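Novice: Make a model of this:
(one chain, ligands or ions: 2)
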Amino acid sequence: MLTQAMANDFGQLVQLDDSDSGEGNRDSKIVSEKRLLGMDTVSLAARMLEIGEPAWRGPQLAEALYRQRIAEINDITTLPKLLRQKLIDQGWEVGRPRIAQVFQSVDGTERYLVQSPGNGLDLQTVETVWMPEGDEGESGDGTEPVDPDQELKAGEKKKWDRATICVSSQVGCAVNCQFCLTAKLGLQRNLTHGEIAGQVIAVLDRHGIEVGRDRVNLVFMGMGEPFLNYDSFMGAVRILVEEVGLSPQRMTVSTSGIVPGIERFALEPAEVRPKLAISLNAPNDKIREALMPINRKWPIAAVIDAVRGVKLRSRERITFEYVLLGGVTDQAEHAVEVARLVRRSGLPAKVNLIAWNPGPGIAYSMPLHEDVEKFRGTLAGEGIPTYVRRARGRDIYAACGQLKRTVEG
Ligand code: SAH
Ligand code: SF4
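Specialist: Ligands and ions are numbered 1, 2, ... in the order given. So this is what the prediction gives:
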């Protein structure tokens, strides 16, 4: 049973559950109705028919928006000039979010403030992070914002073998995990699927990525809880898979354990379903409840039950993420309990350990290096594949749970 206080806590969540319906959600009023980005080939074709153009202009537009990554209608030279003008006159825009600011870390990570094209009302930026692997770090002390329009130097584009883009699904977050900086913002608004996919397209473009050749992974682990903005999140995934050409097997979505979201996710066809990560973060319900109030609504067993409904591809594993908070979740007995919990779940699983990243106004401590190692050793000793996630971009507040510091000051 929910107490009154808890009902208040989750009032917002419940309301989101009910009102979430993608482009038609409660935020649509602040987003231009006439953005092309976010529409798939079929809807683009339908729009073309509506304005008296042949349906085959739809695939042509999709090619321009998603494969050629063109950001202005006027630059879509595959369309006749007259048609481009007609679209512009009717108020249409590509509507691609713009990288408004870039912060570069000494480790090569870049954090972007990404701004939706605006009618003035939706000026809040979201954050997107680029994490290249295999470079030796770049210039800058990591604190200086750099000019986003500055061209990357030729050699800089390919100093990595693979890269990961960390994508946001909401501005802020309503889930209120006690250790997370994003939580401090509360939920400001949901992103539309065009805005979610648009972050990826803007970053692919910045780094000159050739889809199909370059190895790029996506993680939906930025600001927000993707499963509380489900339709927009999955709408974005569909665009990214079907139109942009990225593989869902190179995408991972992380959830704090929103059971109805996991249940819907289990119904998604394998061709578009990303991999799933669960933010476990505690060895038992008692500790988890103190850290993640959402656990009162959906405790660990309920989350694991829902995860069992996801039909995994061959060799696919569920990831359990586990934030190590010094003295709170990183002790030897916690590791033993986590190992037992993961084994008993019967799920093909791996564990990603994340040393807590500090943030202003959050009173936890980072774990000691030796405790992280011991924790990993205990899980590995129980036969559970366990990785320690490297803190990327901590110097620029780009690491897990640190997003959205600079905008709010
Ligand atoms: N809302 C989703 C996805 C975004 S958070 C979720 O919670 O799963 C992505 C990951 O960062 C989660 O596993 C979360 O537990 C972790 N995280 C949050 N704050 C953190 C912090 N300060 N240090 C390290 N990891 C953190
Ligand atoms: Fe939201 Fe995830 Fe942060 Fe929790 S950890 S507050 S769910 S973004």
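Novice: CA only for contacts and neighbour counts going forward, please
Specialist: Noted.
Novice: Touching, F179 and I362? I think so.
Specialist: Yes: between F179 and I362 there is a contact under C-alpha atoms under 8 Å: 6.4 Å.
Novice: how distant is the one helix or strand E195 maps to from the center of its chain?
Specialist: Here E195, judged by DSSP states H and E, is contained in helix 193-206. Distance of helix 193-206 from the chain centroid (C-alpha atoms, centre = their mean, to the nearest Å) equals 11 Å.
Novice: what's it packed up against?
Specialist: Contacts defined by 3 or more C-alpha pairs under 8 Å, 6 or more residues apart in numbering; DSSP states H and E place helix 193-206 against helix 230-238.
Novice: give me phi/psi at the closest residue to Y112 other than its chain neighbours?
Specialist: Of all residues beyond its chain neighbours, the one nearest Y112 is V102 (4.7 Å), with distances taken as C-alpha to C-alpha, 6 or more residues apart in numbering. The phi and psi torsions at V102 (degrees, to the nearest 10) take the values phi -130, psi 130.
Novice: A355 now?
Specialist: Note on A355: its backbone torsions stand at phi -70, psi 130 [degrees, to the nearest 10].
Novice: Report the beta-bridge partners for the residue nearest the centre of the chain.
Specialist: The centroid of the chain falls nearest to F220 when counting by C-alpha atoms, centre = their mean (2.3 Å). In this entry, F220 is beta-bridged to V253, by DSSP bridges.
Novice: list the contacts for it?
Specialist: Counting by C-alpha atoms under 8 Å, 6 or more residues apart in numbering, F220 touches 166-169, 226, 251-254.
Novice: As CSV, the residues you listed with pLDDT would be great.
Specialist: Output for those, formatted as CSV (pLDDT from 0 to 100):
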residue, pLDDT
C166, 94
V167, 96
S168, 95
S169, 96
P226, 98
M251, 97
T252, 97
V253, 98
S254, 97
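Novice: and A335, helix, strand or coil?
Specialist: For A335, the assignment made with DSSP: H, G, I helix; E, B strand; the rest coil gives helix.
Novice: what pLDDT does it get?
Specialist: For A335, the pLDDT comes out at 98.
Novice: S105 now?
Specialist: For S105, the model assigns a pLDDT of 87.
Novice: What separation do you get for it and R389?
Specialist: 17 Å (C-alpha to C-alpha, to the nearest Å).
Novice: Give the residue from these two that has the larger number of neighbours.
Specialist: Between S105 and R389, S105 has the larger neighbour count (other C-alpha atoms under 10 Å), namely 25 against 15.
Novice: Correct me if wrong: that one contacts P132.
Specialist: No: the criterion here is C-alpha under 8 Å, and S105 misses it with P132 at 11.0 Å.
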